[in-house]
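Q: just the structure for this:
(2 chains)
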Amino acid sequence: MMHIKRIILKSKLYLSTLFVRKLSQKEDIIYQLNDPEFKKLPKEEQAKQVQLDWKRFMEEN
Amino acid sequence: MSLFSKRKKLIVSGCSYTDNYAAQQSLEEIPLWSEVLAERLDMDCINVGKSAAGNKAIFGTLTDKMLTEKNVGLVIPMWSEVQRVSYYSEKSNDWKSWHPEREILNADWHDKFYEENKDGNPHKKEPRYHLSMELRKNNLDNMTSGINDSLRLYFSFQSICEASSIPYLQIQGPLPIMGKKDNKNRIDFCKHIIKTPYIQFMDDKKFLGWPTMPEIGGFNVDSFLDDIDKDRTKYRIDDGDTHPNAEGHSIISDILYDAYKKNYSKK
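A: As a prediction, the model looks like this:
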């Protein structure tokens, strides 16, 4: 019984790698924080950029 | 909750998906899933969840409470990320939890602000950072040991509730591992969970979304909300903060309410 359950789960996992779930992520422009363009942004947008930069760092490392 | 209330108690624990995260962030107050659920079940709500809590803290706060409270109607842990570590501090009479990998990466990210003074990064002076580095150096922060620890907690919680005849449900809150650009850690997580003996012992009628990852037929709150709100605009606080908003909390309470009715309504 357990053996069958494991086979089913392994099959599901294999199938999921063929159809990778993708979230519809917006392609945000992420400025480098020392970019002169970044410094021209309004404070609220700068805060958002910092948050995006942090998130990207966490996901890529 | 009145001191003399005769209503049954709903006891919940979890991380920021359960705690009053919005209030902590000075955002507009939102009705939490636990409050909405308690109201629908006509129970009093006891929420011992705490932002950042790891699964050991969630298990500890919940079992401590459910074994001492009388008239318990339902107990629910909303589990967190498996790699978070938790320690009980006698000094502050509270649990301290953090995610070692995130702690290190967060400190590394802050280096860019201290380029002229490499030793000036205060994040690298925090005890949590040093503890996290020690865990890493000794290979004690790996994902598989985190998964095993959490599986033991899920199963222990289930066993305690079954043995004590306490009504319970379990659910996974955020994605149980850190989200990464490639899906390798998700696949590794699934492969490992399939291999463990716990896969056959969890009651999937009471653990909603078991085995917690959509890749193997389960779900967690994050994946569940993503399925019905792919661009994360309806049920999350905003595009930078993916904690559930008021509507998100309401949906969570709906799925728990349905599961309660299915499992515990008198036939």
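Q: and B:Pro214, how many neighbours?
A: B:Pro214 has 21 neighbouring residues, counting by other CB atoms under 10 Å in any protein chain shown. In this view, the C-beta of every residue, glycine as well, is placed from N, C-alpha and C.
Q: and the closest residue to it other than its chain neighbours, how many neighbours does it have?
A: Of all residues not flanking B:Pro214 in the chain, B:Ser223 sits nearest, at 4.7 Å (CB to CB, 6 or more residues apart in numbering or on different chains). When neighbours are defined as other CB under 10 Å, B:Ser223 has 19 of them.
Q: B:Ser223 touches B:Glu215, doesn't it?
A: No. The pair B:Ser223 and B:Glu215 fails to qualify as a contact (CB atoms under 8 Å) at a distance of 9.3 Å.
Q: circling back to that earlier point, name the element the residue nearest to B:Pro214 belongs to?
A: helix B:221-228 (DSSP states H and E).
Q: would you mind writing the CA trace of that helix as PDB?
A: The C-alpha atoms that make up helix B:221-228 are tabulated as PDB, following Å, rounded to 0.1, in the frame of the first residue of the first chain:
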ATOM      1  CA  VAL B 221      -1.900  28.800   2.200                       C
ATOM      2  CA  ASP B 222       0.500  30.500  -0.200                       C
ATOM      3  CA  SER B 223      -0.100  28.100  -3.000                       C
ATOM      4  CA  PHE B 224      -3.800  28.000  -2.400                       C
ATOM      5  CA  LEU B 225      -4.100  31.800  -2.600                       C
ATOM      6  CA  ASP B 226      -1.900  31.800  -5.700                       C
ATOM      7  CA  ASP B 227      -4.200  29.300  -7.400                       C
ATOM      8  CA  ILE B 228      -7.100  31.600  -7.100                       C
END
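Q: what comes into contact with that helix?
A: Contact with helix B:221-228 is made by A:21, A:23, B:17, B:78, B:171-175, B:209, B:213-214, B:219, B:232, B:234-236, B:242, B:244, B:248, B:251-252, B:255, as judged by CB atoms under 8 Å, 6 or more residues apart in numbering or on different chains.
Q: if you set the cut-off to 7 Å instead, what comes out?
A: Contacts to helix B:221-228, defined as CB atoms under 7 Å, 6 or more residues apart in numbering or on different chains, come from residues A:23, B:17, B:171-175, B:209, B:214, B:235-236, B:244, B:248, B:252.
Q: what's downstream of that helix, the next helix or strand?
A: Counting by DSSP H and E, the element after helix B:221-228 in chain order, helix or strand, is helix B:246-264.
Q: check which helices and strands that following helix sits against.
A: Packing partners of helix B:246-264 (3 or more CB pairs under 7 Å, 6 or more residues apart in numbering or on different chains; DSSP states H and E): helix B:33-41.
Q: return the distance of the helix it packs on from the chain's centre.
A: Taking CA atoms, centre = their mean, to the nearest Å, one finds the center of helix B:33-41 at 18 Å from the center of the full chain.
Q: what helices or strands is it leaning on?
A: strand B:9-14, strand B:44-47, helix B:246-264.
Q: tell me how far B:Glu103 lies from B:Val85.
A: 10 Å (CB to CB, to the nearest Å).
Q: same deal with B:Leu41?
A: With the distance defined as CB to CB, B:Leu41 ends up 33 Å from B:Val85.
Q: now do B:Gly120
A: Per CB to CB, B:Gly120 is found 27 Å from B:Val85.
Q: of the two, who's got more company?
A: Shown here are B:Gly120 and B:Val85; by other CB under 10 Å, B:Val85 has more neighbours (22 against 13).
Q: wait, that one touches B:Gly54, no?
A: Yes. Counting by CB atoms under 7 Å, B:Val85 touches B:Gly54, with 5.7 Å between them.
Q: overlap in contacts, those two.
A: Here B:Val85 and B:Gly54 share the contacting residues B:Ser97, scored by CB under 7 Å, 6+ apart.
Q: neighbour-wise, which one of the contacts of helix B:221-228 leads?
A: Busiest of the contacts of helix B:221-228 [other CB under 10 Å] is B:Gln172, holding 31 neighbours.
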